[in-house]
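Visitor: Sequence first, then the predicted structure, then my questions.
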Amino acid sequence: MANESNQAIVVSLKEKDLIAFNLDLLLKRKVVFIPIAVGIISLIALINQLIHHEPIRDLPQILFILFLDIFIVSSLFIGSKRAMRNKFVQEEKRYSLTADHLHMESDSMTATIQWQDFTRIVISKRSVCLFTGTNSAHLIPVHSLNENQLAFIRQQSFINEQKQPNKKGSKFLKLTFIYLILFLVVVALLQLFTR
């Protein structure tokens, strides 16, 4: 690894970093587009009924879908505000990268984590998230990294993905579930617009 990528990475998280991370993580889950698309279509149908002075059909379902969409969006902001109250999240962290591990220091904690111990590494346009468990991760905004550091983390992410056990069975179940939901949404929309 180049000497430049061994430089310390200093991270002071802001609420906007957490919101950007939550948004990026949410958008990587394609399933979230289903209720958002259904919500937009429902809102258009509701406006169309109001414009044409028609009786409003399926108002409880439309309101539920719109409430679900508002809940999804507001959960990004609420979760970010809640996380910012955590003293560890507020602390300035100093990271250093080596070929074997990531080293992190803050006022309250020092940790050295082997690259193979990360359960998942998520890299987006705005952030790098290094998961050490289901609900535990190190969040590094991309603007805190230089090009060599980002390239090195991408390389470690690729190596980690190769070492992870293949989960084809669970992927099949997820895709089946997604297609089932899509089918139900299409049927519901057809019923909504063909009355």
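Guide: On my side now, so go ahead.
Visitor: ok, and the spatially most central residue of the chain, which helix or strand is that part of?
Guide: The residue lying closest to the centre of the chain (C-alpha atoms, centre = their mean) is residue 25, at 1.0 Å. According to DSSP states H and E, residue 25 maps onto helix 15-28.
Visitor: The nearest residue to residue 91 once chain neighbours are set aside: neighbouring residues, count only.
Guide: Once flanking residues are discounted, residue 91 sits nearest to residue 106: 4.4 Å by C-beta to C-beta, 6 or more residues apart in numbering. Just so you know, the C-beta spots here come from the backbone N, C-alpha and C atoms, and that holds for glycine as well. Other residues near residue 106 number 16, with proximity taken as other C-beta atoms under 10 Å.
Visitor: and residue 106, what pLDDT?
Guide: At residue 106, the model reports a pLDDT of 91.
Visitor: Next: residue 73.
Guide: pLDDT, read off for residue 73, is 81.
Visitor: How about the one 3 residues further on?
Guide: Reading off the confidence values, residue 76 has pLDDT 81.
Visitor: That one belongs to a helix, doesn't it?
Guide: Yes. Counting by DSSP: H, G, I helix; E, B strand; the rest coil, residue 76 falls inside a helix.
Visitor: I figured it hits residue 26, correct?
Guide: Yes. At 6.7 Å, residue 76 counts as touching residue 26 under the criterion of C-beta atoms under 8 Å.
Visitor: and the protein, what are its domains?
Guide: Domains of the chain are assigned by automatic domain parsing as 3-164, 170-195.
Visitor: now the last one, how far from the chain's geometric center?
Guide: Between the centre of domain 170-195 and the centre of its chain there are 23 Å (C-alpha atoms, centre = their mean, to the nearest Å).
Visitor: Any buried residues in that domain, and which?
Guide: 188, 192 (16 or more other C-beta atoms under 10 Å).
Visitor: tell me the mean pLDDT for that domain?
Guide: 77.
Visitor: so where does residue 55 fall, helix or strand?
Guide: In this assignment (DSSP H and E), residue 55 forms part of neither any helix nor any strand.
Visitor: Touching, residue 49 and residue 58? I think so.
Guide: No. Judged on C-beta under 8 Å, residue 49 makes no contact with residue 58 at a distance of 9.5 Å.
Visitor: which stretches of the protein form helices?
Guide: 15-28, 33-51, 59-84, 87-90, 147-163, 168-193 (DSSP state H).
Visitor: Averaged pLDDT, the second one. What do you get?
Guide: For helix 33-51, mean pLDDT rounds to 83.
Visitor: need the contact list for the nearest residue to residue 150 once chain neighbours are set aside.
Guide: Distance criterion C-beta to C-beta, 6+ apart; nearest residue to residue 150, sequence neighbours excluded, is residue 142 at 6.6 Å. Shown in contact with residue 142 (C-beta atoms under 8 Å, 6 or more residues apart in numbering): 124-128, 150.
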